[in-house]
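Trainee: Here is a sequence together with a model predicted from it:
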Amino acid sequence: MNTQEHWAGVRARVIAVKEAERRAQGHGPSPYPTFEPVLTPVEIAEVEAQIGVELPHEYRTFLSEVGAGGPGPALSLTSLRRIDGTWGWVWEDDEDRPWRPDSTGPFVETEDWADRQTATLRAHGHEPTVRDEEEDYLNDYREVFGDSADDVWDLERMRGAIHISDNDCGMTGWLVVVEHCVDLSAGGSPPGGGRWPTSPSGCSP
């Protein structure tokens, strides 16, 4: 499938459908855009230079043909925005906490996550105690890192990945962009109960 042709016209068609739905329900135009503005090739290159990773072709063309995220037609897409000169993915317009991927290491596969946590804790002189019901050591992180524990934990768990959508009911969409190809046949879920990419976009560039 030619992705460029696949995305062509999608933005206009989706916006037209949403506007027609609102009119049919007796509503005026929505105060919220269906999509963020599209990004230029120069802007996409800036994003890639900042995070140190070439984005998958499918996602790059989505950004340039459809939009840089937004509320979306049915599910919520994180918005890729330049904030104070730096690009980041924004969830629910919270520009105080943009997600900026850490590309210094690969995304940690689910089966290796517990070992990564224990290694981090031991490197800080703390012997892990008991995993919680999610099989994580978040409480230990809070003992070691204090008020910054949740941020440290999130950054480690999400390293090498981008949160790009929320599908409701606890389902989130993640794009793994660093180091590994995702083995879709292995099953399992990324953080937040999301689904792995269903195209080669889960592979390292």
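Mentor: Structure received.
Trainee: and the residue nearest the centre of the chain, which of the three is it?
Mentor: For the chain, the residue nearest the mean C-alpha position is H163 (1.2 Å; C-alpha atoms, centre = their mean). Of the three states, H163 takes strand under DSSP: H, G, I helix; E, B strand; the rest coil.
Trainee: Look up how far S103 lies from it.
Mentor: 14 Å (C-beta to C-beta, to the nearest Å). The way it works is simple: take the backbone N, C-alpha and C, and place the C-beta from them, glycine included.
Trainee: Then T61?
Mentor: 21 Å.
Trainee: And for the nearest residue to R97 once chain neighbours are set aside, the neighbour number?
Mentor: Spatial nearest neighbour of R97, chain neighbours left out: W91 (7.7 Å); criterion: C-beta to C-beta, 6 or more residues apart in numbering. By other C-beta atoms under 10 Å, 18 other residues sit near W91.
Trainee: you'd agree W7 is up against R60?
Mentor: No - if you go by C-beta atoms under 8 Å, W7 and R60 don't touch, sitting 10.2 Å apart.
Trainee: can you give me the strands for this protein?
Mentor: Using DSSP state E, the strands of the chain run over residues 76-77, 79-83, 86-90, 161-166, 172-176.
Trainee: Which one of those strands lies nearest to Q50?
Mentor: strand 86-90 (5.4 Å; C-beta to C-beta).
Trainee: Packing partners of the closest one?
Mentor: Counting contacts by 3 or more C-beta pairs under 8 Å, 6 or more residues apart in numbering; DSSP states H and E, strand 86-90 is packed against helix 41-51, strand 79-83, strand 161-166.
Trainee: Quickly compare these and say which is most buried.
Mentor: strand 161-166 (a mean of 20; mean count of other C-beta atoms under 10 Å).
Trainee: Please determine how far V38 is located from E58.
Mentor: For V38, the distance to E58 - C-beta to C-beta - is 15 Å.
Trainee: If you could redo that for W174, that was the one I meant.
Mentor: 14 Å.
Trainee: that older thread, what about the residue nearest to the centre of the chain, distance to R100?
Mentor: Taken as C-beta to C-beta, the span from H163 to R100 is 11 Å.
Trainee: what's the overlap in contacts for the two?
Mentor: W89 (C-beta atoms under 8 Å, 6 or more residues apart in numbering).
Trainee: Please export the C-alpha coordinates of the longest helix along the chain as CSV.
Mentor: Among the segments of the chain that qualify as a helix by DSSP state H, the longest is helix 10-24. Taking Å, rounded to 0.1, in the frame of the first residue of the first chain, the C-alpha atoms of helix 10-24 are listed here in CSV:
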residue,chain,number,x,y,z
VAL,A,10,-8.1,11.7,5.0
ARG,A,11,-8.0,15.0,6.9
ALA,A,12,-10.6,16.7,4.8
ARG,A,13,-12.9,13.7,4.7
VAL,A,14,-12.8,13.1,8.5
ILE,A,15,-13.5,16.8,9.3
ALA,A,16,-16.4,16.8,6.9
VAL,A,17,-17.9,13.7,8.5
LYS,A,18,-17.6,15.2,12.0
GLU,A,19,-19.2,18.5,10.9
ALA,A,20,-22.1,16.6,9.3
GLU,A,21,-22.6,14.6,12.5
ARG,A,22,-22.8,17.8,14.6
ARG,A,23,-25.3,19.4,12.2
ALA,A,24,-27.4,16.3,12.3
